[in-house]
Every structure is written in structure tokens, then in C-alpha cells.
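In: Okay, sequence plus prediction incoming.
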Amino acid sequence: MTDKLLDIAGLCAGTEDATILHDIDLTLAPGTTHVLMGPNGAGKSTLGHVIMGDPTYRTSAGTISFDGADVTADTADKRSLAGIFLSYQAPVEVPGVPLYSFLRTIAGKRPELKMTSRQFRARVGELAQQLDMDSSYLTRELNVGFSGGEKKKVEMLQLLLLQPKLAILDETDSGLDVDALAVVSRGIEAYRASCDGTLLVITHNTRILERLDVDRTHVMVKGRLVAEGGADLIPKIDREGFEQFEQTGDGDR
């Protein structure tokens, strides 16, 4: 196993109209938990989507290597099969597709998850119970009519089912009440315990971090990574906000 699960070097990316990310260098080792923080509009979610291969964004410079392979030019489906997972800040609704059928389809794309129909039903039922999700949700259309908390539970269900090597959680705590946040936090803990996967948690709120053992904290301002530290950087941000980094973000890193 490589000691650099994700290795981003000199990455510049954005839309056709503007560059959003500037000269990003970021390395994540296997089995570690990283937090990416910064003010709204800093480019945090963009970085998550670029790592995932979202075609909305284009890479104009730099490279993205995952598990020892250059994936800079790979499409999102290839990156997913390689073991990258992205939870969306606002999960989309997919009318006409039952949640159970969706889960069966995506699991079927992963040879390491091969199991009989009976085994799959049992596994999904076990995970739904673990996330306090009523089994009736599995027959409903994917995310259609689900509350924000229910949609996040569905993403945690996918995370635990797929057990990706790298999970990027984009504002997973956004809009959650205390109970839903506790369930999502349990899901994240279960993911780390079950496969020792690598986490990149994107947030500007420290609530979801209270139950996580964070290895490294990264701060993004205006599309640049301007600071990095250990878990002790999180309470400092909680106390002093992001203004302390704003001036750094105006210039070169």
C-alpha cells in the first residue's frame, strides 16, 4: 500500500469562466482523518468535486494521484470504482428509482462486494437499522420526499455499504438537527472502524468534528490552502474565526 492515498500537486481548477482553486498541494495518508475548513465561498466544495472528477469543473494545471495512480484525466465513474466516495451537500432526488434498486446496482459494480441477493438484503437491512432508518425507506424513490436528515442517512448507508478507500464528506452536517447529526456521526465512526478508510471532512462548522479523532486540519481561503495543523487548530478557529487567515489568502501561499 502506498503511503500517499491521495496526492494532489500544483492543482489549479475551476469553471470555464474562472479559476477557483489555485496551486493546491494536499496529501492524505491511508487511514487518516482530515478536515478542510474555511469561510463560505472559499472553494472547499469545489475541491471535493474536482477530486471526485465532477465534469462541471476542469483542471488547468497540476495532478491528482490516488492509490499510486494518476487519475487527473479519469472520469467520475472510474474514480468511484477506484475507491473515492463523495457525499453531496445537497443530495439530489431521483424519481422512479427505488433506493434498494439503486444500492443493489452500485454495489454490483464493485467485485469486492459480490454477494447473493439474500446476503445483500440482510446487509442493507443491518446497515439501515444501524442508522435508525425504517426499512420502508428502501422501497421509496431515491431521496424523493426525504427530509435533509433522511437524505444524509441515505448517504451514510451508501458509505457503509461501499466502504470506499477515501470518503469526502461535503458539509454533511448542513441543516441537521441534533438527533440526525448524532446518527450521521455514528455512521462516520462505523465507517472508520469497519475498513479504516480515509476521511476528508469539508465543513465550516465544528459540531460534526466533536466525535472524530482528527489527524490534520487544513484551512482554505479564496481558493488557496493557507494553513495546516493538527486537531488543536479546530478550537482556535472556533474561538477566532477565519479572519486570522484572510490576509494570507490574498497572496501566495
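Out: That came through, no problem. Residues are numbered from 1 along each chain as shown.

In: which residues touch A90?
Out: Residues in contact with A90, defined by CB atoms under 8 Å, 6 or more residues apart in numbering, are S174. Where C-beta positions appear, they are placed from N, C-alpha and C, glycine not excepted.

In: Relative to G148, how far out is it?
Out: 8 Å (CB to CB, to the nearest Å).

In: the helices in the chain, which residues?
Out: 44-52, 76-82, 99-108, 117-130, 148-162, 178-195, 233-240, 243-250 (DSSP state H).

In: Distance of L162 relative to F102?
Out: If you go by CB to CB, the gap between L162 and F102 works out to 12 Å.

In: could I get the helices of the chain as a markdown table with mean neighbour count, mean pLDDT and distance to T217?
Out: As requested, the helices of the chain are exported to a markdown table (neighbours: other CB atoms under 10 Å; pLDDT from 0 to 100; distance: least, CB to CB, whole Å):
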| stretch | mean neighbour count | mean pLDDT | distance to T217 |
| --- | --- | --- | --- |
| helix 44-52 | 23 | 97 | 12 |
| helix 76-82 | 15 | 95 | 24 |
| helix 99-108 | 16 | 93 | 31 |
| helix 117-130 | 14 | 94 | 28 |
| helix 148-162 | 21 | 91 | 21 |
| helix 178-195 | 16 | 86 | 16 |
| helix 233-240 | 14 | 90 | 4 |
| helix 243-250 | 14 | 68 | 12 |
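
In: hey, C-alpha coordinates of stretch 97-104 in PDB?
Out: Extracted in PDB, the C-alpha atoms of stretch 97-104 (Å, rounded to 0.1, in the frame of the first residue of the first chain):
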ATOM      1  CA  VAL A  97     -35.500   4.700  -8.900                       C
ATOM      2  CA  PRO A  98     -36.200   2.800  -5.600                       C
ATOM      3  CA  LEU A  99     -33.500   3.200  -3.100                       C
ATOM      4  CA  TYR A 100     -32.900  -0.500  -2.700                       C
ATOM      5  CA  SER A 101     -32.500  -0.900  -6.500                       C
ATOM      6  CA  PHE A 102     -30.000   1.900  -6.600                       C
ATOM      7  CA  LEU A 103     -28.000   0.300  -3.800                       C
ATOM      8  CA  ARG A 104     -28.000  -3.100  -5.500                       C
END
